[in-house]
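> I'd like to go over a predicted model; first the sequence, then the structure.
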Amino acid sequence: MSDQIQEILDIPAEFARDGVQFMKRCTKPDKKEFLRLCQAVGVGFLIMGAVGYIVKLIHIPVNNILVGGA
């Protein structure tokens, strides 16, 4: 019974240790890495926006054909 309680109490402590170890390993990105990340995110936004726009352009006429033909 006491072993089970000890195991339950060890879980938050282990999680906290892992979190501290992760934060120590993290580094702040330099300017070059930050700009590259911003460019990648921007390109992703543009691609997803273009895909959404194309899907909308295709959806409107198809929807009008389906609704108008019924």
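Structure's in. What do you need?

> C-alpha only now, for contacts and for neighbours.
OK.

> what are the boundaries of the helices in this protein?
Counting by DSSP state H, residue ranges of the helices within the chain are 2-25, 31-69.

> dump these to a markdown table, plus mean neighbour count and mean pLDDT.
Formatted as a markdown table, the helices of the chain follow (neighbours: other Cα atoms under 10 Å; pLDDT from 0 to 100):
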| stretch | mean neighbour count | mean pLDDT |
| --- | --- | --- |
| helix 2-25 | 10 | 88 |
| helix 31-69 | 11 | 93 |
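
> how close does the spatially most central residue of the chain get to Asp3?
Nearest to the geometric centre of the chain sits Val41, at 11.2 Å (Cα atoms, centre = their mean). To Asp3, Val41 is 48 Å away according to Cα to Cα, to the nearest Å.

> and for Phe45?
51 Å.

> swap in Lys56?
59 Å.

> now do Ile58
In terms of Cα to Cα, Ile58 sits 62 Å off from Asp3.

> now swap in Val67 and tell me
Distance, Val67 to Asp3, by Cα to Cα: 67 Å.

> could you do Thr27 as well?
38 Å.

> what do you get for Pro61?
67 Å.

> same question, Lys24
Lys24 sits at a distance of 31 Å from Asp3 (criterion: Cα to Cα).

> for Thr27, give me the pLDDT.
We have a pLDDT of 89 for Thr27.

> try Met1
Confidence for Met1, expressed as pLDDT, is 66.

> how close does Val20 get to Val43?
Taking Cα to Cα, one finds Val20 at 33 Å from Val43.

> alpha carbons only: can I get stretch 63-70 in CSV?
These are the backbone C-alpha positions of stretch 63-70, laid out as CSV (Å, rounded to 0.1, in the frame of the first residue of the first chain):
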residue,chain,number,x,y,z
ASN,A,63,-22.9,24.2,-55.0
ASN,A,64,-24.9,26.5,-57.4
ILE,A,65,-25.1,23.6,-60.0
LEU,A,66,-26.2,21.2,-57.3
VAL,A,67,-28.8,23.5,-55.7
GLY,A,68,-29.9,25.1,-59.1
GLY,A,69,-30.3,21.7,-60.8
ALA,A,70,-32.5,20.2,-58.0
